[in-house]
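S.K.: give me a model of this one.
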Amino acid sequence: MSEQLDINSTPEHLINASEQPTMVRPVVQPDNPYASTRGSITSKQLPAFDQDIINKYDRSGPRYTSYPTALEFAPIPDGLEAKILQSREAHAPLSLYFHIPFCRHLCYYCACNKIITKKNSDAGDYLEYLIAEIKHKRILLTPAEDGKKPLVRQLHFGGGTPTFLQDNELIQLWEFLQTQFEFLPEDQGDYSIEIDPRELSGETLKVLRNLGFNRISLGVQDLEETVQVAVNRVHSAELIENVLNEARKLGFHSINIDLIYGLPHQTPATLDKTVRRVIKMSPDRLSVFNYAHLPERFKAQRQIKEADLPTPAAKLTMLGNTINTLTEAGYQYIGIDHFAKPDDELAIAQREGKLHRNFQGYTIMGDCDLLGFGVSSISQIANANSSYMLQNHTDLEVYKDTIDAARNNPTVMPAVNMIKTSIKDRLREYVIMNLLCHDYMDFKDINQKFGIDAITYFIDEIQKLGEMQQDRLIDMDAAGIRVLPRGRLLGRNVAMVFDEYLTTKHKDRFSKVI
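M.R.: Numbers count the residues shown, from 1 in each chain. Below you'll find the model as predicted:
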């Protein structure tokens with residue numbers, strides 16, 4: 001991958017490349033011809049479910065939590081991670097991610113990086129390594145000009161099951177973080193944690209809220225017992241309702257529920273029953289994921305009998321019914337499986353053109369550097385000349401060995417893989433993220449930001465979009481490209497046209513778009 005643009009192999013109309021920003025964000029320009037449609041997305045941009053069109057375009061493709069995608073990771077040279085952290089823009093706020101890999105129970109559908117254990121001591125041991133990594137990286141971060149600690153606007157605990165940590169361990173980690181970073185007040189920052197409702201003590205939600213967490217995400221997946229037994233994740237609807245009710249009383253700003261369609265024994269009727277009951281619980285956000293059955297890659301999925309899985313036609317019916325039910329209930333379709341109430345920050349950010357995507361999914365904090373901690377965690381960092389993605393080792397024991405080595409040698413860093421993005425990468429990232437976050441590509445905006453003639457530069461991609469225009473997935477004119485309601489569910493297909501890495505490799509490494 002090129003470190004910077006090779007002028008000899010780049011179209012002449014890509015000019016002023018050295019003057020372009022290191023990390024660009026989707027922003028609605030005041031004169032954007034499509035900006036006026038964003039404020040009324042709930043009425044004008046509802047996704048249109050067309051089964052024939054979905055069948056025609058349903059193929060495998062990235063979810064674009066980054067561009068280039070994580071499949072482009074390559075080994076990182078020794079010493080480079082430290083230099084990247086040291087050269088980070090000191091004034092840029094941070095988003096912190098902590099991966100807690102432990103789960104007490106194996107959910108058969110799961111493809112996450114996790115470790116199944118019932119030993120509480122495993123969490124305490126891991127916490128020691130997390131704190132050591134935080135200390136190690138924190139020393140390298142340049143303080144703000146006023147000498148203050150680096151500013152954190154967003155924090156997320158993911159997993160695994162973050163609430164595998166006991167309440168006192170959550171308190172220990174949070175209080176340590178306060179000594180290392182400056183956090184925005186909880187009414188201004190975004191501090192979230194993923195929760196398995198089965199893994200909560202009687203005080204856990206209160207502890208989290210008192211610490212400053214203001215958003216939670218609950219893994220529910222399905223409320224039908226037959227489905228739950230088949231995927232080894234059994235809990236009652238009453239448990240979910242009790243957790244939501246307590247969270248509301250405690251003042252959490254936003255509550256998300258995860259659902260999955262395509263699980264064993266699911267039918268359109270049973271999933272519709274789950275969705276309607278969840279709507280009555282009134283979460284602020286929902287994530288409705290497509291189950292990708294890949295037992296050859298994920299050992300746990302071998303516990304699921306393929307004969308119990310719904311047919312592709314049934315899955316499409318489930319998706320269509322779910323979209324219709326949620327939008328009729330007033331939820332705004334954000335994109336790529338996500339829905340939110342119109343007054344949720346995520347929905348507001350999309351209407352205002354301030355939505356972004358990164359390894360944490362859709363986010364309102366697009367101007368933050370992402371700093372990851374723990375096994376398999378990923379960071380996204382910009383400095384004066386380039387932007388980088390860095391990944392820690394995915395094997396827990398190797399990760400721990402690396403942290404141990406760093407205790408005695410400060411030049412040792414936990415990242416083992418990296419991507420350094422080129423200017424061409426950042427241009428295409430900007431286009432892809434605008435399409436997935438805001439359903440448009442504004443040629444004038446791109447011309448101004450990157451010093452190009454976008455129509456000439458992307459002439460091949462524009463020609464490839466011709467069929468999508470004929471099928472009314474998109475609308476193209478001299479001003480730009482807009483994803484139409486009929487194409488909103490297939491936004492990844494539109495984005496893939498601009499992905500230079502898909503044409504030659506990784507074609508079969510991604511899940512289905514629908």
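S.K.: sort out which residues of the helix ranked longest in the chain are buried, please.
M.R.: Identified as the longest helix of the chain according to DSSP state H is helix 120-140. Buried residues in helix 120-140, counted by 16 or more other Cβ atoms under 10 Å: 123, 126-127, 129-134, 136-138, 140. The C-beta positions use only the backbone N, C-alpha and C, and glycine is treated the same way.
S.K.: packing partners of that helix?
M.R.: helix 80-86, strand 94-100, strand 102-103, helix 167-180, strand 369-373, helix 396-408 (3 or more Cβ pairs under 8 Å, 6 or more residues apart in numbering; DSSP states H and E).
S.K.: what pairs with the second one, parallel or antiparallel?
M.R.: What that stands for is strand 94-100. strand 151-159 (parallel), strand 369-373 (parallel) (DSSP bridges).
S.K.: now the angle between strand 94-100 and the next helix or strand after the shortest one, please.
M.R.: For strand 369-373, the succeeding helix or strand toward the C-terminus, using DSSP states H and E, is strand 378-382. For strand 378-382 against strand 94-100, the angle between stretch directions is 170 degrees (axes from the mean of the first three to the mean of the last three Cα atoms, to 10 degrees).
S.K.: put the alpha carbons of strand 378-382 into CSV.
M.R.: Taking C-alpha atoms only, strand 378-382 is exported to CSV below (Å, rounded to 0.1, in the frame of the first residue of the first chain):
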residue,chain,number,x,y,z
ILE,A,378,-8.3,-1.8,17.2
SER,A,379,-7.2,1.8,17.2
GLN,A,380,-7.7,4.5,14.6
ILE,A,381,-5.3,7.4,14.9
ALA,A,382,-4.4,10.5,12.8
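S.K.: chain center to the next helix or strand after it: distance?
M.R.: Next helix or strand after strand 378-382 toward the C-terminus (DSSP H and E): strand 387-392. Offset of strand 387-392 from its chain centre (Cα atoms, centre = their mean, to the nearest Å): 15 Å.
S.K.: element containing residue 209?
M.R.: Residue 209 belongs to helix 204-211, assigned by DSSP H and E.
S.K.: kindly report the same for residue 313.
M.R.: helix 312-328.
S.K.: pLDDT below threshold where in the stretch 51-200 of the chain?
M.R.: 144-146 (pLDDT under 70).
S.K.: the helix holding residue 313 packs against which elements?
M.R.: Packed next to helix 312-328, using 3+ Cβ pairs under 8 Å, 6+ apart, are helix 51-57, strand 254-261, helix 268-281, strand 285-290, strand 332-335.
S.K.: what about 10 Å?
M.R.: helix 51-57, strand 254-261, helix 268-281, strand 285-290, strand 332-335, strand 338-340 (3 or more Cβ pairs under 10 Å, 6 or more residues apart in numbering; DSSP states H and E).
S.K.: how about the most centrally placed residue in the chain, nearest residue that isn't a chain neighbour?
M.R.: In the chain, the centroid-proximal residue (Cα atoms, centre = their mean) is residue 361; its distance is 1.6 Å. Leaving aside its sequence neighbours, residue 361 sits nearest to residue 65 (Cβ to Cβ, 6 or more residues apart in numbering; 6.4 Å).
S.K.: end-to-end on stretch 226-241?
M.R.: By Cα to Cα, to the nearest Å, the extent of stretch 226-241 from end to end equals 19 Å.
S.K.: next, the buried residues of that stretch.
M.R.: Result for stretch 226-241 [16+ other Cβ under 10 Å]: buried residues 227, 228, 230, 231, 233, 235, 237, 240.
S.K.: now for those residues: which two are most distant?
M.R.: 230 and 240 (18.4 Å; Cβ to Cβ).
S.K.: tell me where the model's unsure across this structure.
M.R.: 1-45, 144-146, 384-385, 503-509, 511, 513.
S.K.: how about the buried residues of helix 120-140 in JSON lines, adding distance to residue 463?
M.R.: As requested, the buried residues of helix 120-140 are exported to JSON lines (distance: Cβ to Cβ, whole Å):
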{"residue": "123", "distance to residue 463": "54"}
{"residue": "126", "distance to residue 463": "51"}
{"residue": "127", "distance to residue 463": "54"}
{"residue": "129", "distance to residue 463": "51"}
{"residue": "130", "distance to residue 463": "49"}
{"residue": "131", "distance to residue 463": "54"}
{"residue": "132", "distance to residue 463": "53"}
{"residue": "133", "distance to residue 463": "48"}
{"residue": "134", "distance to residue 463": "49"}
{"residue": "136", "distance to residue 463": "50"}
{"residue": "137", "distance to residue 463": "45"}
{"residue": "138", "distance to residue 463": "49"}
{"residue": "140", "distance to residue 463": "46"}
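S.K.: hang on, the earlier thing: how about CSV for the strands paired with strand 94-100, with distance to residue 244 and mean neighbour count added?
M.R.: Formatted as CSV, the strands paired with strand 94-100 follow (distance: least, Cβ to Cβ, whole Å; neighbours: other Cβ atoms under 10 Å):
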stretch, distance to residue 244, mean neighbour count
strand 151-159, 19, 23
strand 369-373, 28, 24
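S.K.: which of these sits closest to residue 317?
M.R.: strand 151-159 (31.1 Å).
S.K.: using PDB, list the CA coordinates for the closest one.
M.R.: Taking Å, rounded to 0.1, in the frame of the first residue of the first chain, the C-alpha atoms of strand 151-159 are listed here in PDB:
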ATOM      1  CA  LEU A 151      -9.500  14.700  26.600                       C
ATOM      2  CA  VAL A 152     -11.900  11.700  26.300                       C
ATOM      3  CA  ARG A 153     -15.300  12.300  24.700                       C
ATOM      4  CA  GLN A 154     -16.400   8.700  24.200                       C
ATOM      5  CA  LEU A 155     -15.800   5.400  25.900                       C
ATOM      6  CA  HIS A 156     -17.100   1.900  25.100                       C
ATOM      7  CA  PHE A 157     -16.700  -1.400  26.900                       C
ATOM      8  CA  GLY A 158     -17.200  -4.300  24.500                       C
ATOM      9  CA  GLY A 159     -16.700  -8.000  24.400                       C
END
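S.K.: and it, how far from the chain's centre?
M.R.: For strand 151-159, the distance to the chain centre is 13 Å (Cα atoms, centre = their mean).
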